[in-house]
Each structure stands twice: as structure tokens, then as C-alpha cells.
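Asks: no sequence on this one, just coordinates:
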């Protein structure tokens, strides 16, 4: 099944307690495409870049099956630039610089060759632009998932809620779920968010794993306990790419298969944080991924004889 | 198998965002005994109480198979009193009052009738008193587990480390694991703590579940996502009581069975927080517990075809 991904393709400058980089490839669609390309052979990318975006990065993604027809290149423009500094706990960060550059003029056009996509990922981006993509889809996809962040809740909540109302699955982190719903309890937050439209909700909790909600069902996936988290940038986008890549590959959007996809997404995210930027994603082998998924299964595997648990 | 539990039996005054109580039964050994009594029919309690400790509370525990021969009663003394206020997130709290009362003179004597215990729980208490218990055991138990808290790390770290060196399993929360080890990464913290003596380590993460470490193996158990956490007091003691109660009942201290015991402990803790103090623990039926354990299994259950995960 082919997958449409919209999001940013960008440069990042990053500071973590373990070091800093001044200029590294980033962007939600970049991370998502790298992750998803392990599972599907056809990814239709939608984004906008400046003439400064490296040709070899494009070639590397094309070699992974990523189509660039829907990626607008502004030859004399500069790519979106984000700079951030992570705190010691790696769960919180300060944004230092946001230079929209070509992103300010982004008016995505979905090529005809993209209209066959059954799986759509609206990566983290201006909600109005995410909406433009939905408006241009001629066939109803099997599944539309959406990632977003607190920034859009602060400045574009109305637009954001309109997009949320039209997607099948929303993914946010725990503090974003609380902000969006006004509820502290994640269970209550999930109910309110599901009432906004999405049948499925994923709440990402960083080092504490992720929760998947569907009706009254909940699935809890752990994160892999790591000796070191080197750089969390892109972990959420990578999770999303791995999640929908696996769903598109298996072409099964039942709750049971989504649970597996959450684990696959978590496994991909656990690689992402091991090096700066998407570096680790670019060197993964299928054996690496299979090994990591086995680690997750081992981390979660338990057998309990419930009937034996309690004395009469 | 019979179980020896040492810890406090006390009164608590509690304030949470949902209400307050001025005087309710509490104490690490009280919560642990209530939890464990669902799994084992013989619990040998070691504690100290004042004449103010309610006779009906003692009778209720005796009816559950809890022996009081090792519980010293100081007729004209007052029971230990703790008062605390929880913050909105329910993961952090301020201690308002700590009145040691009879606890200041606690010099536990292990009765001969307690010497057959194969399972020993050193509940949260002065480390030197935990050590006194170990020194009085004539037979080596199959398993000694220990709970403690940051308070003892602040004022009695040397004593604490001596006890830790002698137990099979230590349980602490995440911030305590960091304080004890000086490591921020929980994986690194676990390695350092295991090097201090305990083969097994449990790191409790409150609403984020618990991690069990053994050699290079890790098991991650979720917490049950709850609509409301009413009062977290005693949740850690209840977890410990459920954990060791299940191990004593099944008499199996393999890593595989300890994983199940972590889930059982988590299930018991999820009840504890639903009402003030031990109230919820006192009304549980076996069917309640079986139902809750089923919920945990459902929360964690996933099937992944690893070989199908990755495209070649």
C-alpha cells in the first residue's frame, strides 16, 4: 500500500547535554519518511524546501522509494530552520529559533500520481496546511493520521480542531493531550479528544512509552529503557512514520494490529534518539529492526495464571 | 508459604486535590498486609503501635490471617503519625508532620513462631531497624525484599546501603533510584544499584508503571490508566505486599514469575489509589482482583509478526 506523508523538511540546530550540532537535516516529513521506508516501498512526500536542501539527502530518500513530485523546491529560498536546546531530562526543551523561510509560502499541491494513497500521515505542520491536503484528496483514504504539537494549540486552536475533526487517528504527547482537552487525567483527556472526532488516539509519553485509545479499549506500550538518550529530536515523527508504515505494509487497521504498530513505532523511535538528527535512521538494517522489536516483545512479555492469583 | 512483614502501623492525615482526612489508618506494614492477605493465609506482622491503634483494625487484619505476636503494643504510647499534602500531579507530595511517637523506641523482637517464614518483606522504615530483623532471622529466607524512600537516603545513607547489600530485591521509585545511584539514566542507575547487592531491582514510576531488572533483563509493566487517582498514599506498600504475596503463594522466585508478580502488585496498587487510605483494600473480593488483573493483561497484550515487520 502506498503512503502519503506531508510535513516539514528542514535544517535543525540542536543542543543536548551530550553535545551540539549547528546544522543537521531535520523536519517531520524527513524523519517520518526514513522510518516508514523500512516498511513500504512507495512513499509520496509532500513538503517544501529551499535550494539549500542537499541533493544527496533527496537522492538518499528517493533510493528508499520516496517520491518527490509533491515536494516544492524554491531555488532561491531557504529551507525551514529550527533550533532548540534540551534540558537534562530530555523530555523538555526550549525553542531558540524558528525561521519559517520557504514554509511561510507553503501552498501544497497534491499531484495526481499521489491520489492512490490509502494511508495518509499529516505530519506536524500548520493546521491550515494539513487541511489543504485533506481537501485535495479525491478518494477517501483507508486511514488518515495526524501529528501536531502545543505550538499550534497556542496560536491556531480553531484551525487545529477542524483538522482533528476529520482524521481517524491523532497523536500527541501527554502535556499536549492535557492542553487540548483541559483534563489532567489522561483517561478523561482521551475521552474528550475522541469526542472531537478521531476514533483512535495515541498519547506519547517519551521515556514512559505510549498509550493507544480506541473506544473504551486502552493499550500501553513501553519505551525501551536506554542507557543514553542522545538526541530526542524527531522521535515523535519517527514513531509516526514507523507506526503508519507498518499499518500500510500490513494493510490492517484493526485495533489489534494498531497495537503492534505502536510497538513498531516505539522501536523506530528508540533508534532515532541514539544519534544526532536522522543519522541513526539512515544506517538501520532489517536485522537491526527485527532485533529491536524482539527486545520490545521481551520487555513486555509476561504470563499470569489469573485463576491462581487469588486465594478463595 | 508464610510471609514476614515488618513496617509501620500508623495514623495518617492526608490532603489531596480531591479532599482531606484528618486521621486514617496507615503505615507501610498495614498496606502491605492488606494487599498480601489476598494471596497468602499466613502473614507474620512485625511493628509497634500505641494504645490508640483501633482494636477493630487489628481484628480485621487477624481475620485475614495476620499474626500480631510480633507487633509490640505500648498501651500509654501514641502510634506513628504522618501528615502529607499531594500536589495536583499526585506524583509529588510535601510531608507536613512526622510524629515518630512509639516508633522512636522500636526495637523489634522476632518471635520464634515467625522463624519459619520463607518470604520476608522489609517495609519502608528506619534502615537500622530493618537490619535488626535480618540479624534475628535464624534460617535464610528464600527471598528478602526491601522497600525504602528518599528520606532515609537523606539522613541514613550508610545504614541504608548496609541493608541493601543484604537483600535479594530492592524497590524504590525513579527519583530514589537516581538519588541512590547518582545516575540520571534508569538503566545506568539499575546497574549501579544491582552492584550494591540486590540481584533484583524494581523501579516504581507511579502512573507510568514499574520496571523490573535482573542481570541484563528488563521487564516493563504498565500502570492502569485511571480516570481519577484519589489518594496515592500506601500505593507503594500495597504494590510490595501484592508482589511478595503472589510470590509466596506461588513459591516461585524465577524472573519469569517475578514479572507476573510485578503485574499483580501493580493491580493491587491500582485499587489502593481509588479511595482514601486503605479503605479500598478492605472491600476487595477475589473477583475484583481477577478482573483487574485481566484488565492489565489486556492493556499489555500484543501480537507482532516480527518476520513480517520489515521489507527486505
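Replies: Yes, it's here. Just so it is clear, the model here is predicted, and its values are computed rather than measured.

Asks: could you pull out the strands for chain A?
Replies: Residue ranges of the strands in chain A, as given by DSSP state E, are A:3-6, A:10-16, A:19-26, A:43-50, A:66-74, A:80-86, A:93-99, A:119-122, A:143-147, A:169-173, A:200-204, A:210-214, A:217-221.

Asks: Next, format the ones you listed as TSV and append mean neighbour count, mean pLDDT and distance to residue B:251.
Replies: C-beta coordinates here come from the backbone N, C-alpha and C atoms, glycine included. Below are the strands of chain A laid out as TSV (neighbours: other Cβ atoms under 10 Å in any protein chain shown; pLDDT from 0 to 100; distance: least, Cβ to Cβ, whole Å):
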stretch	mean neighbour count	mean pLDDT	distance to residue B:251
strand A:3-6	29	98	51
strand A:10-16	22	93	47
strand A:19-26	16	92	50
strand A:43-50	27	98	54
strand A:66-74	18	98	56
strand A:80-86	19	93	47
strand A:93-99	12	90	49
strand A:119-122	28	98	50
strand A:143-147	24	98	47
strand A:169-173	25	97	43
strand A:200-204	25	98	39
strand A:210-214	24	98	35
strand A:217-221	22	98	29
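
Asks: would you list those strands in JSON lines and tack on distance to residue B:5?
Replies: Listed next are the strands of chain A as JSON lines, based on distance: least, Cβ to Cβ, whole Å:
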{"stretch": "strand A:3-6", "distance to residue B:5": "55"}
{"stretch": "strand A:10-16", "distance to residue B:5": "44"}
{"stretch": "strand A:19-26", "distance to residue B:5": "48"}
{"stretch": "strand A:43-50", "distance to residue B:5": "57"}
{"stretch": "strand A:66-74", "distance to residue B:5": "60"}
{"stretch": "strand A:80-86", "distance to residue B:5": "43"}
{"stretch": "strand A:93-99", "distance to residue B:5": "44"}
{"stretch": "strand A:119-122", "distance to residue B:5": "52"}
{"stretch": "strand A:143-147", "distance to residue B:5": "48"}
{"stretch": "strand A:169-173", "distance to residue B:5": "39"}
{"stretch": "strand A:200-204", "distance to residue B:5": "37"}
{"stretch": "strand A:210-214", "distance to residue B:5": "34"}
{"stretch": "strand A:217-221", "distance to residue B:5": "30"}
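
Asks: For the nearest residue to residue A:99 once chain neighbours are set aside, give me its contacts.
Replies: Leaving aside its chain neighbours, residue A:99 sits nearest to residue A:81 (4.1 Å; criterion: Cβ to Cβ, 6 or more residues apart in numbering or on different chains). Residue A:81 makes contact with A:10-13, A:97-99, A:101, according to Cβ atoms under 8 Å, 6 or more residues apart in numbering or on different chains.

Asks: will you turn these into TSV that also has distance to residue A:293?
Replies: Output for the contacts of residue A:81, formatted as TSV (distance: Cβ to Cβ, whole Å):
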residue	distance to residue A:293
A:10	29
A:11	31
A:12	27
A:13	32
A:97	36
A:98	35
A:99	37
A:101	37
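
Asks: Now flag whichever of these is closest to residue B:249.
Replies: residue A:12 (53.2 Å; Cβ to Cβ).

Asks: For residue A:141, the count of nearby residues, please.
Replies: 18 (other Cβ atoms under 10 Å in any protein chain shown).

Asks: Touching, it and residue A:120? I think so.
Replies: Yes. With contacts counted by Cβ atoms under 8 Å, residue A:141 reaches residue A:120, the gap being 4.7 Å.

Asks: what do the two both touch?
Replies: With contacts taken as Cβ under 8 Å, 6+ apart, residue A:141 and residue A:120 have residue A:4 as neighbours in common.

Asks: What residues does the stretch 151-300 of chain A have near chain B?
Replies: A:184-188, A:190, A:205, A:208-209, A:211, A:217-222, A:225-229, A:246, A:249-250, A:256, A:259-260, A:262-264, A:286, A:289-290, A:293-294, A:297-300 (Cβ under 8 Å from any Cβ of the partner chain).

Asks: residues touching residue A:131, list them.
Replies: Residue A:131 is in contact with A:159, A:162-163, A:166, counting by Cβ under 8 Å, 6+ apart.

Asks: Let's see that with 10 Å instead.
Replies: A:122, A:159-160, A:162-163, A:166 (Cβ atoms under 10 Å, 6 or more residues apart in numbering or on different chains).

Asks: Could you do residue A:31 as well?
Replies: Taking Cβ under 10 Å, 6+ apart, we find residue A:31 in contact with A:5, A:7-9, A:25, A:123-124, A:233-242, A:268-269, A:272, A:277-278, A:281.

Asks: Could you rerun that using 6 Å?
Replies: Residue A:31 makes contact with A:234, A:237-238, A:278 under the criterion Cβ atoms under 6 Å, 6 or more residues apart in numbering or on different chains.
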